[in-house]
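*Asks:* show me the folded form of this:
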Amino acid sequence: MVQHLVLLVDDNPAIFAMYQDVLPLMSQFQILTANNGVVALEIIEEQLKAGKPLPSCIVIDVMMPELDGLQLVRVLRGDPTTAEIPLVILTALAQQKDKFLGLASGADQYLIKPISVPILLAAINAAIAYMPQDRRQHWQDLAENPDILI
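*Replies:* Predicted coordinates for the structure are as follows:
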């Protein structure tokens, strides 16, 4: 069975407790956790320095201290080393403008908390399956016509 490394970035310990133990049992995921965007970037840097694989997917909360989720998404998308890592936003921010900002920042999926584990698994799997060339085409389409997110 293929093991995917998923980085869960959220400042809420209850989220870690809920998903960190259940996701590996229900799927082929190994979970790393970070409590904010700065720590997430440090983990990615450590993985690179150690010659270990980068995450197959990163699940990111929006409202976090130091470096929020939208900032983290933009940093990851702006770095050629991490630009094509699948990104899933998982947040309590449910307004249409929030979803627009999340997707416009470069997230592949935008999910609203609370969410069931099977739906989160499906979103992670879909993000991982999204081909890099499809992701690049989506960004190009978005740059040419931002109304597609509305």
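*Asks:* lowest average confidence, helix or strand, in this structure?
*Replies:* Every helix and strand in the chain was compared by mean pLDDT, DSSP states H and E; the lowest is helix 132-144, with a mean of 68.
*Asks:* how about residues contacting the strand or helix carrying L41?
*Replies:* L41 belongs to helix 37-49 when assigned by DSSP states H and E. Contacting residues not belonging to helix 37-49 are listed as 7, 9, 32, 34, 52-55, 58, 60, 64, 66-69, 71-72, 75, 81-82 [C-beta atoms under 8 Å, 6 or more residues apart in numbering]. Using the backbone N, CA and C atoms, a C-beta is placed for each residue, glycine as well.
*Asks:* for the residues you listed, which ChimeraX command selects only the ones that are buried?
*Replies:* To isolate the buried ones among the contacts of helix 37-49 in ChimeraX, judged by 16 or more other C-beta atoms under 10 Å, type:
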select :7,9,32,34,55,58,60,64,67,68,69,72,75,82
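*Asks:* cross the contacts of helix 37-49 against strands and list the overlap.
*Replies:* Using DSSP state E, the subset of the contacts of helix 37-49 located in strands is L7, V9, L32, A34, I58, I60.
*Asks:* and the second one, what pLDDT?
*Replies:* Same thing as V9. As predicted, V9 sits at a pLDDT of 96.
*Asks:* now do the contacts for it.
*Replies:* By C-beta under 8 Å, 6+ apart, the contact set of V9 is 33-37, 39-40, 58-61, 64, 69, 72.
*Asks:* buried ones in stretch 99-107?
*Replies:* By 16+ other C-beta under 10 Å, the buried positions in stretch 99-107 come out as K99, L101, G102, L103, S105, G106, A107.
*Asks:* hmm, the second one is touching L70, no?
*Replies:* Yes: taking C-beta atoms under 8 Å as the contact criterion, L101 and L70 are neighbours in contact, 6.1 Å apart.
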